[in-house]
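Engineer: Okay, sequence plus prediction incoming.
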Amino acid sequence: MATQTATANTRAVVVQGAGRRGHKGAGGRSRWSTTVILLLCAVTVLLPLYVTVAMAFKTSGQAVDGNAFSLPMPFSIQGFIDAWNLTKFPVGFAMSFLVTAGTVVATIILAAFASFAIVRNWDRRFFRWSFFYLLAAMFIPFPVVALPQIQLTGRVGLDNPLGVILLATMFQLSFSILLFTAFLRSIPMELEESARIDGASTWQVFWRLIFPLLAPMSATVGIFAFLYAWNDFMMPSLIISDADLQTLPVRQNLFQNQFSSEYNVAFASYLMAMAPAIIAYLFAQRWVMEGVTQGALKG
Amino acid sequence: MSETTTIVTGSDKPVRRGGRVEPIYYAFLLPPLILLTLAITLPGAIGIFFSFTDSIGLGDWNFIGFTNYIAVFSDPAILSSFLFTFGFSLVTVILVNLIAFLLAVGLTSRIRLKTGLRAVFVIPMVVSGIIIAYVFQFLFQNSLPAAGSALGIPFLSESILSDPDLAWIGVVVVTAWQAIPSALLIYIAGLLSVPGDVYEAASIDGASKRQQLLRITVPLVAGYVVINVILGFKNFLNAYDIIVGLTGGGPGTATRSIAMTIIRGFQTGDYAYQMATATLFFIITVIIAVLQLAVTRGRNAL
């Protein structure tokens, strides 16, 4: 439990940090000028998102006038209705959801399995070498092996979302194992030994003790897998051969020509594809920020 | 790539608690190991193998030795995509780190609305690259030229995306927009790890705010700079999604990245040839990774 509190503390520092740091900052004068500068910077972040929302709610007549920043007048949801039907949004959403959920779950479980086996058998050469082998995959970017993968997945009938889940999981694996093994080494063996004295098998030890203890790290691993799988365009566009089974980002590309100058339809479609991840982020801000910081620093 | 075969052999040695490894540990380890081998190692080996042939992806093929590699080195399209990718990555890494660092300094100082501002700055990280590229494409092609001609700036009155010499700027802007949040979060963590007393001591000694920033903050977060540069470079070298959405590699091939060259070439029937490109790209990536690791070790960062 000591480890859990330790990480909880570092996380609290990362996220709040506010008050702690206060005493070193400048006096009351520069505080406001900094705030104003940062607010202006925040505008550049929000501007493209504002444009997306504003354009999406315009009528097609207003959308073609080219003024991106005007408010929708009149307010119209026709763009959403057209985009929903044109891109078959429900199917796209289901595919994106399937790929993302599959990748997140498979990454967490496979990486936790491998990490547990490796850390507990570190003195065996096979497990040690397996660790370095699994880690070496981190140096192989997708474009390098994309062409043979396209061919192989086609040949074995994995040119579908299932194939993307498999490949995406494998590309997330190295990094996730690195995070899990570092965390597992900090869990004291005594905990596990006492569970074994109570008669628990290794399988039970993993599921009842280790996996729950890994939860904070699983959240980090899951967030990285989620962001990758939900937003990725390159892999699904190359691996999934049937356009009907494509994920949301790929659908935007496929329908780009059909949107043509119906900008309200295009932006409504973009918005529907982006919104789930943004909404999920707004609800889980703290964990996302903590997770990404932790993950990047250890990885 | 041949590690798989060697790994399987050397295993039988006594373990801690005596006896053999519980078989269940193999059940834990083997599925990820086998899947990774099938999904990455095997395709990698196949790809390298075919880079020495004249295969077009199907049908018969012959060994042609290093012919593909020699051709790659004299192919202006491929050389220019390497040049573009490295140049673009370098510029983006510098820009991202500079902006992210300054934002992190701002966001850890005494300001109002701290939590809200931080939440806003992280949003681009959760947005899909190709989709936000489409949004920016609209802005670059409609809004920016409109603003340019309204303000009488001839430089901006035409879309920068249709100018072969300027289109890369658009790619840098959108990539940076999306990459800043993760660098920012790392810098915030870095800045918060510097103890406050250091600054107190410095201001007692009469150091100005600027001196404190350059003499204390920058050296103390140097390790985090290394992390951000490594992570950023690794991502930008594989640039694909944003470029597809923003310029499609154009105008012409002005903004075509290495990843795009490999994929486009394949789609037009150059399987073995593009595998030679991919293999070279892989070798370069590994060299860069090793160099970066050496630098990190040398600095003993974190």
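Structural biologist: All right, it came through fine.
Engineer: How about the backbone phi and psi for residue A:72?
Structural biologist: Phi and psi for residue A:72, reported as degrees, to the nearest 10, are phi -60, psi 130.
Engineer: ok, it - contacts?
Structural biologist: When contacts are counted by Cβ atoms under 8 Å, 6 or more residues apart in numbering or on different chains, residue A:72 touches A:54, A:57, A:58, A:59, A:62. Where you see a C-beta, it was placed from the backbone N, CA and C, and this is true even at glycine.
Engineer: Those residues into a markdown table, with extra columns for distance to residue B:278 and neighbour count?
Structural biologist: Formatted as a markdown table, the contacts of residue A:72 follow (distance: Cβ to Cβ, whole Å; neighbours: other Cβ atoms under 10 Å in any protein chain shown):
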| residue | distance to residue B:278 | neighbour count |
| --- | --- | --- |
| A:54 | 42 | 19 |
| A:57 | 44 | 22 |
| A:58 | 43 | 26 |
| A:59 | 47 | 16 |
| A:62 | 46 | 19 |
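Engineer: can you put the residues you listed in JSON lines and add secondary structure?
Structural biologist: Below are the contacts of residue A:72 laid out as JSON lines (DSSP: H, G, I helix; E, B strand; the rest coil):
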{"residue": "A:54", "secondary structure": "helix"}
{"residue": "A:57", "secondary structure": "coil"}
{"residue": "A:58", "secondary structure": "coil"}
{"residue": "A:59", "secondary structure": "coil"}
{"residue": "A:62", "secondary structure": "helix"}
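Engineer: Quick check: closest non-adjacent residue to residue A:110.
Structural biologist: With Cβ to Cβ, 6 or more residues apart in numbering or on different chains as the criterion, residue A:110 has its nearest non-adjacent residue at 4.4 Å, and that residue is residue B:32.
Engineer: So which residues lie in contact with the helix or strand where the one you found lies, not counting its own?
Structural biologist: Taking DSSP states H and E as the criterion, residue B:32 maps to helix B:23-36. The contact list for helix B:23-36, computed with Cβ under 8 Å, 6+ apart, reads A:110-111, A:113-114, A:116-118, A:120-121, A:127, A:130, A:133-134, A:137, A:166, A:169-170, A:173, A:177, A:201-203, A:206.
Engineer: residues of the helix or strand following that helix that come out buried?
Structural biologist: Toward the C-terminus, helix B:23-36 is succeeded by helix B:42-50 as the next helix or strand (DSSP H and E). Residues of helix B:42-50 classed as buried: B:42, B:43, B:44, B:45, B:46, B:47, B:48, B:50 (neighbour count, 16 or more other Cβ atoms under 10 Å in any protein chain shown).
Engineer: quick one: contacts for residue B:160?
Structural biologist: B:140, B:144, B:166, B:167, B:169, B:170.
Engineer: Whichever of those residues end up buried, select them in PyMOL.
Structural biologist: Restricted to buried positions by 16+ other Cβ under 10 Å, the PyMOL selection for these reads:
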select buried, chain B and resi 140+144+166+167+169+170
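Engineer: Let's see which of the contacts of residue B:160 end up in helices.
Structural biologist: Among those, the residues falling in helices (DSSP state H) are B:144, B:167, B:169, B:170.
Engineer: Just want the most central residue of chain A.
Structural biologist: Centroid-nearest residue in chain A, with Cα atoms, centre = their mean: residue A:227, separated by 1.7 Å.
Engineer: Could you give the number of residues near the nearest residue to that residue once chain neighbours are set aside?
Structural biologist: Nearest non-adjacent residue to residue A:227, counting by Cβ to Cβ, 6+ apart: residue B:126, 6.2 Å away. By the criterion of other Cβ atoms under 10 Å in any protein chain shown, residue B:126 has 25 neighbours.
Engineer: now do residue B:24
Structural biologist: Residue B:24, neighbours per other Cβ under 10 Å, totals 14.
Engineer: Residue B:152 now?
Structural biologist: Neighbours of residue B:152 (other Cβ under 10 Å): 8.
Engineer: How is it assigned, secondary-structure-wise?
Structural biologist: Of the three states, residue B:152 takes coil according to three-state DSSP.
Engineer: That one: what's it in contact with?
Structural biologist: Per Cβ under 8 Å, 6+ apart, neighbours of residue B:152: none.
Engineer: before we move on, the earlier item: my guess is the residue nearest to residue A:227 meets residue A:276, correct?
Structural biologist: No - using Cβ atoms under 8 Å, residue B:126 is not in contact with residue A:276; the gap is 9.7 Å.
Engineer: okay but residue A:71 is in contact with residue A:51, surely?
Structural biologist: No - assessed by Cβ under 8 Å, residue A:71 is found out of contact with residue A:51, at 11.3 Å.
Engineer: picking that back up, contacts with chain A among the buried residues of helix B:42-50, please.
Structural biologist: Residues of those in contact with chain A (Cβ under 8 Å from any Cβ of the partner chain): B:42, B:43, B:44, B:46, B:47, B:50.
Engineer: Can you add pLDDT and distance to residue A:259 and give these back as a markdown table?
Structural biologist: Output for those, formatted as a markdown table (pLDDT from 0 to 100; distance: Cβ to Cβ, whole Å):
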| residue | pLDDT | distance to residue A:259 |
| --- | --- | --- |
| B:42 | 95 | 39 |
| B:43 | 94 | 34 |
| B:44 | 93 | 37 |
| B:46 | 93 | 38 |
| B:47 | 92 | 35 |
| B:50 | 91 | 38 |
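Engineer: could you redo these as JSON lines and give each row distance to residue B:202?
Structural biologist: Shown next, in JSON lines, are these (distance: Cβ to Cβ, whole Å):
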{"residue": "B:42", "distance to residue B:202": "56"}
{"residue": "B:43", "distance to residue B:202": "54"}
{"residue": "B:44", "distance to residue B:202": "51"}
{"residue": "B:46", "distance to residue B:202": "58"}
{"residue": "B:47", "distance to residue B:202": "55"}
{"residue": "B:50", "distance to residue B:202": "60"}
